[in-house]
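*Asks:* Quick one, what's the 3D model for this:
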Amino acid sequence: MDRDWGEKNMGAQTDVIMISGFLGSGKTTLLNGLLKSIPGGYRVVVLMNEFGEIGIDGPVLQGEDFDILEINRGSIFCICVKRDFITALNKIASEVKPDVLIMEPTGVANPGDLKSDFMLPFLNNRFRLLEQICILDFEYFEEAYGAFVSVEKQIASSSLFVINKVDVASREKIERIKQVVRGHHPSPQFMESVFCNIPFDSILRKMGDAGGICDASGQTAGKPLSSKELDEVLSLILSDPFREVTPPDNLMSSAYSWRGDGIAEFREFLNELPKGVVRGKGFLKDAGKTYLLNMVMGNFSIGEFHSPVHAELLGKVVLIFPPDLEETVAQVAARWRSRLEELRVDPGGDCGPASFEKSASVSAQ
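*Replies:* Sure, this is the predicted structure:
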């Protein structure tokens, strides 16, 4: 593979690639492909934002030449965890100073204010937005687009569109999806994929090139913000009438610990859930093996997972659903009380200080 993607940043600027798409569209799969394609010698930070209280996607990432920062319990483009996001950007700019920052926001995020956040004065033009990729799941796109505002927001702010699962797609439906996107863009760029397998050459060749949304001008970010300074930044964001600091879609999540007898019994629990559950994910153990739950729009699959998983994540499951299903989901969980324990998280607490975790080497999934 040709590795001549351009000169390294040499510490002056961080190239940013954002991967958006609705819940379950394939963001983490595409992220794995991108990580494998970035040449050795580049320092890479992955910032993952999951809507649920527990970060499930981290162990799914493959490789060992990047650092992971996870922000959970809400969208990084919503004020509920905006403090954590701004703190993370400041830490990345002033201390870590990577060559590449790859962002995977939650599937219900509205990334419309992304450029404004990167250009906050205290970041000293550290970040350059290289590409905004939006994954469109052929199977569920039309259903999600009709029901969730966040899908439209993600389309409107992206530049490259990956239509996934085209191996089971009709050309007629693919064209309908493209027409929806063209309604938001005069000349969108499309790629079609199976398992989000796309060539990254055109993206990676931009690394280190001049231009972008800002000019680094040789500057580097200063010291990390104090708590008082951070509060001042957040106050300015809240007072900005052009900022969208509320979630585009009203969804909620619940996290559980499964103590049942195996996968077959867990499937029984899933089949009792209302079909309106938008997303479910988690890791389960059965007969000494680890399994990954993947649930999208009420349909689920459970497959064996061959990579290492932190012990504290085993048996943990996150469900995401509209508020009008809260009572129904709670009733189903109550019927499984002997097997299922709800994990309580203080809704008023912070997500905790930003910390970086060196990725573990895991096998391909």
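*Asks:* in the stretch 51-200 of the chain, which spans are strands?
*Replies:* With strands called from DSSP state E, counting those that start in this stretch, the stretch 51-200 of the chain shows them at 66-72, 100-104, 127-137, 160-164, 189-193.
*Asks:* right, and those - which one's nearest residue 263?
*Replies:* Closest to residue 263 of these, according to Cβ to Cβ: strand 127-137, at 24.7 Å. In this view, the C-beta of every residue, glycine as well, is placed from N, C-alpha and C.
*Asks:* What strands flank that closest one, and is each parallel or antiparallel?
*Replies:* Here strand 127-137 is paired, per DSSP bridges, with strand 14-21 (parallel), strand 160-164 (parallel).
*Asks:* so of the ones you listed, which one's packed in deepest?
*Replies:* Scoring the strands paired with strand 127-137 by mean neighbour count under mean count of other Cβ atoms under 10 Å gives strand 14-21 as the most buried, with a mean of 26.
*Asks:* Kindly present the strands paired with strand 127-137 as a markdown table, with separate columns for distance to residue 225 and mean pLDDT.
*Replies:* As requested, these are arranged in a markdown table below (distance: least, Cβ to Cβ, whole Å; pLDDT from 0 to 100):
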| stretch | distance to residue 225 | mean pLDDT |
| --- | --- | --- |
| strand 14-21 | 17 | 92 |
| strand 160-164 | 32 | 95 |
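*Asks:* need these in TSV with distance to residue 254, can you?
*Replies:* Formatted as TSV, the entries for the strands paired with strand 127-137 read as follows, by distance: least, Cβ to Cβ, whole Å:
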stretch	distance to residue 254
strand 14-21	23
strand 160-164	27
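*Asks:* So which of those strands is nearest residue 101?
*Replies:* With Cβ to Cβ as the measure, strand 14-21 is the member of the strands paired with strand 127-137 nearest residue 101 (4.8 Å).
*Asks:* Give me the residue ranges of this structure where confidence is low.
*Replies:* Regions of the chain meeting the criterion pLDDT under 70 cover residues 1-11, 50-66, 71-81, 107-109, 112-113, 208-223, 241-242, 244-248, 345-365.
*Asks:* how about the helices of it, start to end?
*Replies:* In chain order, the chain shows helices spanning 27-37, 82-91, 114-118, 141-147, 149-157, 171-182, 201-204, 227-239, 263-272, 326-335, with DSSP state H as the criterion.
*Asks:* Need those helices in a markdown table (columns: distance to residue 69).
*Replies:* Formatted as a markdown table, the entries for those read as follows, by distance: least, Cβ to Cβ, whole Å:
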| stretch | distance to residue 69 |
| --- | --- |
| helix 27-37 | 13 |
| helix 82-91 | 6 |
| helix 114-118 | 15 |
| helix 141-147 | 27 |
| helix 149-157 | 21 |
| helix 171-182 | 30 |
| helix 201-204 | 21 |
| helix 227-239 | 17 |
| helix 263-272 | 31 |
| helix 326-335 | 30 |
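*Asks:* In JSON lines: those helices, plus mean neighbour count and distance to residue 102.
*Replies:* Below are the helices of the chain laid out as JSON lines (neighbours: other Cβ atoms under 10 Å; distance: least, Cβ to Cβ, whole Å):
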{"stretch": "helix 27-37", "mean neighbour count": "20", "distance to residue 102": "6"}
{"stretch": "helix 82-91", "mean neighbour count": "22", "distance to residue 102": "13"}
{"stretch": "helix 114-118", "mean neighbour count": "18", "distance to residue 102": "13"}
{"stretch": "helix 141-147", "mean neighbour count": "18", "distance to residue 102": "23"}
{"stretch": "helix 149-157", "mean neighbour count": "21", "distance to residue 102": "16"}
{"stretch": "helix 171-182", "mean neighbour count": "14", "distance to residue 102": "22"}
{"stretch": "helix 201-204", "mean neighbour count": "16", "distance to residue 102": "11"}
{"stretch": "helix 227-239", "mean neighbour count": "13", "distance to residue 102": "23"}
{"stretch": "helix 263-272", "mean neighbour count": "15", "distance to residue 102": "31"}
{"stretch": "helix 326-335", "mean neighbour count": "14", "distance to residue 102": "32"}
